[in-house]
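Give me a model of this one.
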Amino acid sequence: MALTAYTQTESGAESGFTFGATNWPFCAGGLSDAATTWGRTATVSGTPGTTADVIKINHPNTGNKVAICFTIDPEDSATWDTDTAIIRLDVDIGNAELTWEDTYLCRVNSVGVNQETIGSTTGQATDLEFAGLKTMNVSCSSTTPSAGDRLVIILAFDSPGAHGNAQITCTPGEDMDIPINPVAGGISIPVVQHLRQRTM
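Prediction:
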């Protein structure tokens, strides 16, 4: 069991693996999209994103809405191991009317067809009233991927209040610790994890 740090970057997610893709939302089927959404890629030793993005859920809201996704394109030789992924979200401007409810980790193939759920955490009601670093832990199962498989990380939110449209502002630039580990010389080598200090 091991984890590798994948950094959320400024780069948008590939079109076949994000909002609007043919098989979207992969293993989070049944959830619809929020009014304002965004997708980014995450890579090992990537350059952290610095641009703030808004997600928004309109009222009246019916059920959780998908608003953020990250895609990871691992090396074909990487091992997909059993461990607890740590998903991080840097909230710049919070809102008491929004909660982070669900996180899904979906293995999809090279053309964006869902293969399996490797982990999910639902019904968490993580408070987003205040700015700061939010986290969600997701227990993941090991799997044997095919060449070209990708991981899509889907974040869903709720706005249970009735006080108009609700939005928060986030900057995708944090490390997410994921049990997909690069292989060197036939041995799975976790990349050293690190957290940047957030200035409040």
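
measure residue 16 to residue 125 for me?
Using Cβ to Cβ, to the nearest Å, we find residue 16 at a distance of 32 Å from residue 125. Backbone N, C-alpha and C define where each C-beta goes, glycine included.

Show me what the one helix or strand residue 138 maps to is packed against.
Using DSSP states H and E, residue 138 sits in strand 132-140. Packing contacts for strand 132-140, counted by 3 or more Cβ pairs under 8 Å, 6 or more residues apart in numbering; DSSP states H and E, involve strand 83-93, strand 99-108, strand 114-121.

Can you tell me which of those is most buried?
Counting by mean count of other Cβ atoms under 10 Å, strand 99-108 has the highest mean neighbour count of the helices and strands packed on strand 132-140, with a mean of 24.

strands paired with that one, and their directions?
Sheet pairing of strand 99-108 (DSSP bridges) gives strand 114-121 (antiparallel), strand 126-127 (antiparallel), strand 150-158 (antiparallel).

I'd guess residue 27 is in a strand, am I close?
No - looking at residue 27 with DSSP: H, G, I helix; E, B strand; the rest coil, it is helix, so not inside a strand.

got a list of what it touches?
Residues near residue 27 by Cβ atoms under 8 Å, 6 or more residues apart in numbering: 104-107, 114, 116-117, 120, 154.

Export those residues as TSV, with columns for distance to residue 55 and pLDDT.
Formatted as TSV, the contacts of residue 27 follow (distance: Cβ to Cβ, whole Å; pLDDT from 0 to 100):
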residue	distance to residue 55	pLDDT
104	16	98
105	19	98
106	19	98
107	24	98
114	23	97
116	26	97
117	22	98
120	19	98
154	13	98
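
For these, which two are the farthest from each other?
Greatest spatial distance in the contacts of residue 27: 116 and 154, 13.8 Å, computed using Cβ to Cβ.

quick one: which of the contacts of residue 27 is nearest residue 129?
Closest to residue 129 out of the contacts of residue 27 is residue 154 (22.7 Å), distances taken as Cβ to Cβ.

Distance-wise, check that closest one relative to residue 101.
Distance, residue 154 to residue 101, using Cβ to Cβ: 11 Å.

about what we covered before: give me the sheet partners of the strand holding residue 138 and which way each runs.
According to DSSP bridges, strand 132-140 forms sheet pairs with strand 83-93 (antiparallel).

just checking, what packs against the strand ranked longest in the chain?
Criterion DSSP state E: the longest strand present in the chain is strand 32-44. Secondary structure elements in contact with strand 32-44, counted by 3+ Cβ pairs under 8 Å, 6+ apart, are strand 4-12, strand 53-57, strand 65-72.

where does the chain dip in pLDDT?
The chain contains residues with pLDDT under 70 at 1, 60-61, 162-164, 184-200.

Show me the residue at the heart of it, geometrically.
residue 153 (3.5 Å; Cα atoms, centre = their mean).
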